[in-house]
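Colleague: Provided below are the primary sequence and the corresponding predicted coordinates.
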Amino acid sequence: MPGIIFFKTLMPEELHAFYSQRCGMELWLDQGGCRIYRSGNLLLGFCHREAADLNGIITFFVPGPKEVDEIYQRMTDIADAPPRYNPNYRIYQFFARDPEGRTLEFQSFEHQIDYQFDG
């Protein structure tokens with residue numbers, strides 16, 4: 001079953017620039033007060049409201065450590081620390097923050113997963 005994760009935002013224009021340009025997500029649907037972005041099977045919606053949802057973690061995953069490192073090079077100004085291997089979950093990851101302060105995780109699984117990265 002497909003789904004969308006929605007967040008309230010006070011910064012729709014800043015998030016549009018960030019998620020479309022820096023994260024490479026496509027603007028999938030613009031509903032005026034809500035914009036929905038797509039990357040592969042991830043759909044994120046941001047709706048302009050009087051308060052922002054900042055809880056949780058938005059996780060993007062890519063095929064391997066090389067791609068994580070490439071993303072990190074583009075995100076060093078907002079990254080918490082360089083990428084590292086996390087043995088508990090067998091992932092290679094780093095964390096960052098979007099313009100409104102939401103936690104973002106960029107990771108690759110270091111074991112076989114059942115997923116196609118072509119969308």
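Modeller: Okay, I see it. Numbers count the residues shown, from 1 in each chain.
Colleague: The closest residue to P83 other than its chain neighbours: what secondary structure?
Modeller: Nearest-residue entry for P83: F94, 4.2 Å, with adjacent residues in sequence omitted and distances by Cβ to Cβ, 6 or more residues apart in numbering. To be clear about C-beta, it is placed using only N, CA and C from the backbone, and glycine gets the same treatment. At F94, secondary structure determined by DSSP: H, G, I helix; E, B strand; the rest coil is strand.
Colleague: how near is F94 to R74?
Modeller: 12 Å (Cβ to Cβ, to the nearest Å).
Colleague: More neighbours: which of those two?
Modeller: Taking neighbours as other Cβ atoms under 10 Å, F94 and R74 compare with F94 leading, 20 against 13.
Colleague: check contacts around that one.
Modeller: Contacts here follow Cβ atoms under 8 Å, 6 or more residues apart in numbering; on that basis F94 touches 68, 72, 75, 79-84, 105-107.
Colleague: change it to 10 Å
Modeller: Listed by Cβ atoms under 10 Å, 6 or more residues apart in numbering, the contact partners of F94 are 68-69, 71-72, 75-76, 79-84, 104-107.
Colleague: How confident was the prediction at it?
Modeller: On pLDDT, F94 comes in at 98.
Colleague: any idea how far it lies from A79?
Modeller: F94 is 5 Å from A79, by Cβ to Cβ.
Colleague: which residues sit in contact with D80?
Modeller: Here D80 is in contact with 94-97, 103-105 (Cβ under 10 Å, 6+ apart).
Colleague: mind putting these in TSV, distance to C47 included?
Modeller: Below are the contacts of D80 laid out as TSV (distance: Cβ to Cβ, whole Å):
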residue	distance to C47
F94	28
F95	24
A96	22
R97	20
T103	19
L104	19
E105	22
